[in-house]
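1. Output the structure for:
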Amino acid sequence: MIKSTLRMATTAAAISLVAFAAHAKDPMVGGAAMYPSKNIIENAVNSKDHTTLVAAVKAAGLAETLEGKGPFTVFAPTNEAFAALPAGTVDTLLKPENKAKLTKILTCHVVAADALATTVKKMIKDDGGEHDIKTVGGCILKAKTMNGKITLTDEMGGVAHVTIADVKQSNGVIHVIDKVLLPKM
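-> Just a heads-up that it's a prediction; the model follows:
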């Protein structure tokens, strides 16, 4: 009886450990696990750090695109990044009459490729320390490395830092950033 109980407890502990290990490999973003079997939108809606981004993507009508086949690389600004914009900017951008401007800004955060951090770092190194990344919105981001981390300089001179890299999705990858990238308008 004791051996049977011990065996069951050991088996239960092993199953729990395997379940934990399987879950632990999925990166956490905004308090939620990001599953590589889900697409960009399916994961983003669960991140409490990206509610503003998700609202903006929906307002711009881009959710269906980012649920599509891809591949996409999304540089995903956090709520804090949006909050750092001048007061009223987000509310103004979310108005229907500003959809074109919002779409331009958001598509300057998307690349039509599946670019993991190692790939971006190699391109930076191969290009002598700076690599131009062309986005689907037509913006050019200047990628560099600083202390081993990727930075992106937008067309207005703002610098975003990749804070969480390589969040794999079924249709690409997300890199969390700490600033909203702005195009020349």
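
2. list the contacts for V176?
-> With contact taken as Cβ atoms under 8 Å, 6 or more residues apart in numbering, V176 is in contact with 29, 49, 76, 78, 162-165, 167. (C-beta placed from N, C-alpha, C; glycine too.)

3. Report how many residues lie close to Q169.
-> Using other Cβ atoms under 10 Å, Q169 has 25 neighbouring residues.

4. So it is in contact with I41, correct?
-> No - checked against Cβ atoms under 8 Å, the pair Q169 and I41 is beyond contact range at 9.1 Å.

5. Sort out which of the contacts of V176 are in helices and list them.
-> With helices taken from DSSP state H, there is no overlap with the contacts of V176.

6. how near is V173 to K142?
-> For V173, the distance to K142 equals 20 Å [Cβ to Cβ, to the nearest Å].

7. Those two: which has the busier surroundings?
-> Between V173 and K142, counting by other Cβ under 10 Å, V173 is the more crowded of the two (23 against 16).

8. chain center to the helix or strand harbouring L53, what's the gap?
-> Using DSSP states H and E, L53 maps to helix 51-59. In terms of Cα atoms, centre = their mean, to the nearest Å, the gap separating the centre of helix 51-59 from the centre of its chain is 13 Å.

9. Show me the shaky parts of the chain.
-> Across the chain, the ranges flagged by pLDDT under 70 are 1-25.

10. mind listing the strands for it?
-> In the chain, the strands defined using DSSP state E lie at 28-29, 32-33, 72-77, 110-111, 131-134, 140-146, 149-153, 159-169, 172-177.

11. who wins for proximity to A84 among the ones you listed?
-> strand 72-77 (9.1 Å; Cβ to Cβ).
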